[in-house]
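> Quick one, fold the following:
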Amino acid sequence: MQILRSARQLGDFLLVGVHDDQSIREKRGYPPIMHLHERTLGVLACRYVDEVIIGAPLEVSRDMITTFNISLVVHGTVVEGGSASEVDPYALPKSMGIFQVVTSPKTITSVSVATRIIDNHEAYKKRNLKKKASEDKYYTQKKFVYGD
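Below is the predicted model of the structure:
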């Protein structure tokens, strides 16, 4: 969430748009790792975020800028999915002079996270089997404590 800290430093109120699952699926060609509400809760948990637009449209519109009194639109340098021929979702804020790119401090993407999960699948399985064995042992040896 370092990118959100960088964005917050550019103003006194940080409003973050979280796109809906279908929009992400259509843009990237694959579904997001977490559902809309999980992503929203994750963003809201960040102390730099003041408000979230749940299901924000992919394209920043004049109505959105006016409705939410947006004075600056910020985007990171790490971008996933999409093609070079598609419409620029930031065309309007760019034309209004209220668009700024912030260098993303990390290059983590949903694809890199999924790849790490797949690469570590065997380690996760071993860890979980060990935990299960420990829990099973606890439950088979558990004794009840009777109170006064």
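
> Can I get the lowest-mean-pLDDT helix or strand in the chain in CSV, CA atoms only?
Sorted by mean pLDDT, DSSP states H and E, the helices and strands of the chain end with helix 110-119, the least confident at a mean of 79. Coordinates of each C-alpha in helix 110-119 appear next as CSV, following Å, rounded to 0.1, in the frame of the first residue of the first chain:
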residue,chain,number,x,y,z
SER,A,110,-2.1,-10.2,-9.8
VAL,A,111,-0.2,-12.4,-12.3
SER,A,112,3.0,-12.3,-10.2
VAL,A,113,1.0,-13.2,-7.0
ALA,A,114,-0.8,-16.1,-8.8
THR,A,115,2.6,-17.3,-10.1
ARG,A,116,4.1,-17.2,-6.6
ILE,A,117,1.1,-19.2,-5.2
ILE,A,118,1.5,-21.8,-7.9
ASP,A,119,5.3,-22.0,-7.4
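
> Show me what secondary structure element comes after it.
Moving toward the C-terminus from helix 110-119, the next helix or strand (DSSP states H and E) is helix 121-141.

> And the helices in the protein?
According to DSSP state H, the chain carries its helices in the segments 2-8, 21-28, 36-44, 62-67, 91-96, 110-119, 121-141.
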